[in-house]
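Trainee: Compute the structure for the input listed below.
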Amino acid sequence: MRFLPWRRAKDSSRLRPLGEAEAYGRSYGERSTDVKTVKLEPRRPRYALRVSGEDLRRRFEERLKARDDADRA
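Mentor: Purely as a prediction, here's the structure:
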């Protein structure tokens with residue numbers, strides 16, 4: 001008996017179609033008590049920063065440009 005899908009025997013009958021619930025049960029197994037779903041508390045609000053990401057990027061570019069200018073001189 002061969003298990004190559006492209007070389008199936010012509011007289012073999014197809015299996016019956018599965019329903020959604022049965023397919024899910026076969027794919028993921030039965031639900032067990034090993035895993036427990038818990039509810040998490042909401043995250044605390046983030047605090048305001050003194051510097052934005054855009055300010056950091058701009059300052060970094062300024063420092064790179066100053067370093068390049070110092071290297072050329």
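
Trainee: Scan this protein for its longest helix.
Mentor: Identified as the longest helix of the chain according to DSSP state H is helix 53-72.

Trainee: Keeping just the C-alphas, turn that one into PDB.
Mentor: What follows is helix 53-72, C-alpha atoms only, in PDB (Å, rounded to 0.1, in the frame of the first residue of the first chain):
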ATOM      1  CA  GLY A  53      10.700  60.000  19.900                       C
ATOM      2  CA  GLU A  54      10.900  62.700  17.200                       C
ATOM      3  CA  ASP A  55      13.000  64.900  19.500                       C
ATOM      4  CA  LEU A  56      15.400  62.100  20.100                       C
ATOM      5  CA  ARG A  57      15.700  61.400  16.400                       C
ATOM      6  CA  ARG A  58      16.300  65.000  15.600                       C
ATOM      7  CA  ARG A  59      19.000  65.300  18.400                       C
ATOM      8  CA  PHE A  60      20.700  62.100  17.200                       C
ATOM      9  CA  GLU A  61      20.900  63.500  13.600                       C
ATOM     10  CA  GLU A  62      22.300  66.700  14.900                       C
ATOM     11  CA  ARG A  63      25.000  64.800  16.800                       C
ATOM     12  CA  LEU A  64      25.900  62.700  13.800                       C
ATOM     13  CA  LYS A  65      26.200  65.800  11.600                       C
ATOM     14  CA  ALA A  66      28.400  67.500  14.200                       C
ATOM     15  CA  ARG A  67      30.600  64.500  14.300                       C
ATOM     16  CA  ASP A  68      30.900  64.300  10.500                       C
ATOM     17  CA  ASP A  69      31.700  68.100  10.400                       C
ATOM     18  CA  ALA A  70      34.400  67.600  13.100                       C
ATOM     19  CA  ASP A  71      36.000  64.700  11.100                       C
ATOM     20  CA  ARG A  72      36.100  66.800   7.900                       C
END
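
Trainee: now that helix, how far from the chain's geometric center?
Mentor: With CA atoms, centre = their mean, to the nearest Å as the basis, helix 53-72 stands 35 Å off its chain's centre.

Trainee: List the buried residues for that helix?
Mentor: Judged by neighbour count (16 or more other CB atoms under 10 Å), helix 53-72 contains no buried residues. In short, each C-beta sits where N, CA and C put it, glycine included.

Trainee: Show me the contact partners of that helix.
Mentor: Counting contacts by CB atoms under 8 Å, 6 or more residues apart in numbering, no residue outside helix 53-72 touches it.
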